[in-house]
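Engineer: coords please:
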Amino acid sequence: MTPRMIHSLRRLTLWIAGATCAAAAALACGSDDTRPSFDAPDGGGANLPDASPSPEASAPVDAGPSKPPFDPTDEAIVCAGTPCAVELVAGEHHFCARMSDGAVRCWGDNAYGSLGVDDAPASDGSDAGVLATRVADLEGATQLSAGGATTCALTGDAGVVCWGGNDHGQLGLTVAPPTADGDPHATPAPVALAASALRVDVGPRTACATLASGEAFCWGDNTQKQLARTTEEDVGGPAKAELGALAVRRTAAGTGSSFGITDAGLVSWGALGGPEGSVAARVASVSPDPHPLAILGGPVSSFAVGSTRFYRPPGGFPPPPLRGVAHACAIVSGDVYCWGVSLMGALGTGLPDPAPTPLPALVTSEEAWPQQVACAGDISCVRLTDGSVQCAGDNTTGVLGKDPEAAPFSMFFEPVPSFTGHAARIATSVGTACALVQGGGVVCWGSNERGELGQGTVDADPHTEPVSIRF
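Structural biologist: So this is what the prediction gives:
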């Protein structure tokens with residue numbers, strides 16, 4: 001075992017001893033404000049709680065004299081010049097920004113064409129892009145989403161195009177039967193939908209579009225019934241999700257789990273089966289019939305899933321088995337809730353144990369509210385209403401903005417000391433965080449192993465200081 005591993009294990013022992021008591025005390029003190037999971041219904045989506053908009057769903061939450069009321073509305077981007085980024089998304093090892101002119105620029109790993117170009121040059125000849133590269137053959141993008149090695153865009157004509165990885169059929173290519181392949185797909189390809197789309201959401205293996213008709217169309221991996229339809233095919237093309245009368249405003253997906261945000265709260269289907277399941281391991285809950293289960297009540301203003309990441313814990317022969325890590329976080333009325341499995345504290349609860357149900361995360365600020373959450377691998381970050389950023393979890397790559405030798409992880413959300421700008425959006429890849437700062441610029445810190453810092457180099461060093469993306 002290396003000295004770094006020994007140091008990390010010693011810190012983990014101290015955290016477990018102290019953090020459990022601290023978190024328990026915090027939860028006890030705030031028990032009156034805790035928002036428990038609401039019970040899963042016995043039937044399908046039609047039996048979920050009433051999804052009609054509630055008066056408090058869009059109204060600011062009054063915090064009393066010490067804080068302004070919570071407002072779930074994302075901060076508007078005011079461009080300070082051109083080029084100007086107005087939206088920021090992340091896959092597993094790449095980032096994409098939608099620009100004010102409707103163009104899309106991406107940087108990071110291009111092994112599957114994730115940057116939207118066939119050949120992105122790199123200083124060492126690898127597949128990491130030098131700078132933020134403009135996606136070819138794409139104009140007029142109005143919304144973006146990324147997951148794994150895939151990115152999709154909503155276009156000005158309310159259509160959806162996707163590019164990048166297709167190893168689970170997540171491009172929704174118009175072939176019959178739908179297929180998956182390991183080839184790079186750098187050219188954005190249209191997805192065949194039954195009606196105009198309002199938005200598209202991409203996970204590491206699946207994607208869904210919410211349509212103007214009120215339906216959700218999903219495609220990609222269906223081995224865990226993530227597509228919410230009763231088909232025996234492992235890969236499904238774009239088709240209606242069988243959610244009954246459930247009205248879904250947007251979706252999200254992990255490796256084997258799918259989620260829908262409704263006006264009543266958050267529901268799930270696939271490998272996550274409601275209040276008794278964790279994100280990391282559960283049998284499919286929609287077989288043989290779709291059965292979305294409610295897991296968190298209240299107006300969800302932001303939601304993110306950290307895809308499964310595998311670790312081999314150190315020590316002993318034979319080597320210990322790989323362990324799956326996956327978690328999710330949501331913001332409800334200004335409070336952060338996280339659940340799932342994390343080895344390095346990405347739940348932000350202060351507790352070392354897995355959380356099969358949503359638990360309040362520890363985000364501390366006397367003046368601002370958490371407004372957006374981002375999750376990936378074994379890290380979580382929140383953007384607060386004052387533009388500051390707090391992160392929890394694995395700091396091996398310096399994504400917490402601190403020296404990894406001194407602080408290899410954090411089990412609480414803590415301010416990123418190296419970030420001093422005003423974040424209007426936050427996005428995280430497996431080991432990197434990027435912030436879209438007010439004015440339209442983007443800065444990134446953490447891992448640069450796949451060129452995620454967009455500086456024209458790749459390296460294995462931790463990067464705690466934010467660097468600017470050159471568009």
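
Engineer: okay, CA-based contacts and neighbour counts for the rest of this
Structural biologist: Noted.

Engineer: ok, now which ones touch Gly169?
Structural biologist: Contacts for Gly169 (Cα atoms under 8 Å, 6 or more residues apart in numbering) come out as 178-181, 205-206, 219-221, 235-237.

Engineer: His94 too?
Structural biologist: His94 touches 106-110, 114-115, 149, 429, 450, 452, counting by Cα under 8 Å, 6+ apart.

Engineer: at 10 Å instead, please
Structural biologist: Counting by Cα atoms under 10 Å, 6 or more residues apart in numbering, His94 touches 106-110, 114-115, 128-129, 146-151, 428-430, 432, 450-454.

Engineer: and those residues, which of them are in strands?
Structural biologist: Mapping the contacts of His94 onto strands (DSSP state E) picks out 106-108, 146-147, 150-151, 428, 432.

Engineer: Pull out the buried residues from those residues.
Structural biologist: With neighbours counted by 16 or more other Cα atoms under 10 Å, the ones in strands among the contacts of His94 contain buried members at 106-108, 146-147, 150-151, 428, 432.

Engineer: right, and Ser301 touches Tyr337 too?
Structural biologist: No. When contacts are counted by Cα atoms under 10 Å, Ser301 is not listed as touching Tyr337 (11.8 Å).

Engineer: residues shared between the contacts of those two?
Structural biologist: 330-331.

Engineer: top of the contacts of Gly169 by neighbour count?
Structural biologist: Highest neighbour count within those: Thr206, with 32 neighbours (other Cα atoms under 10 Å).

Engineer: What is the burial count for the closest residue in space to Val399 that isn't next to it in sequence?
Structural biologist: Excluding its sequence neighbours, the residue lying closest to Val399 (Cα to Cα, 6 or more residues apart in numbering) is Gly446, at 4.2 Å. When neighbours are counted by other Cα under 10 Å, Gly446 registers 29.

Engineer: For Gly446, which phi and psi angles does the backbone take?
Structural biologist: phi 110, psi -130 (degrees, to the nearest 10).

Engineer: Below-threshold pLDDT in the stretch 1-150 of the chain: ranges please.
Structural biologist: Low-confidence regions of the stretch 1-150 of the chain, defined by pLDDT under 70, span residues 1-66, 120-130.

Engineer: From the centroid of the protein, which residue is nearest?
Structural biologist: For the chain, the residue sitting closest to the mean C-alpha position, by Cα atoms, centre = their mean, is Ala304 at 3.7 Å.

Engineer: my guess is it is in a helix, correct?
Structural biologist: No. Assessed with DSSP: H, G, I helix; E, B strand; the rest coil, Ala304 is strand; it does not lie in a helix.

Engineer: Kindly state the beta-bridge partners for it.
Structural biologist: Under the criterion DSSP bridges, Ala304 forms beta bridges with Cys329.

Engineer: OK, contacts around it?
Structural biologist: By Cα under 10 Å, 6+ apart, the contact set of Ala304 is 251-254, 259, 327-331, 338, 372-376, 380-381, 427.

Engineer: ok, now Leu227?
Structural biologist: For Leu227, the contacting residues are 206-208, 216-221, 234-243, 253, 256-258, 269-270, 286, 290, by Cα under 10 Å, 6+ apart.

Engineer: Quickly note the distance from it to Trp339.
Structural biologist: Distance of Leu227 to Trp339, given as Cα to Cα, to the nearest Å: 22 Å.

Engineer: Now do the strands in the stretch 351-471 of the chain.
Structural biologist: 355-360, 370-376, 379-384, 389-394, 409-415, 423-428, 432-437, 441-446, 467-468 (DSSP state E, counting those that start in this stretch).

Engineer: Make a markdown table out of those strands and add mean pLDDT and distance to Ala212.
Structural biologist: Output for the strands of the stretch 351-471 of the chain, formatted as a markdown table (pLDDT from 0 to 100; distance: least, Cα to Cα, whole Å):
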| stretch | mean pLDDT | distance to Ala212 |
| --- | --- | --- |
| strand 355-360 | 90 | 31 |
| strand 370-376 | 97 | 25 |
| strand 379-384 | 97 | 30 |
| strand 389-394 | 97 | 34 |
| strand 409-415 | 97 | 37 |
| strand 423-428 | 98 | 26 |
| strand 432-437 | 98 | 29 |
| strand 441-446 | 98 | 32 |
| strand 467-468 | 97 | 37 |
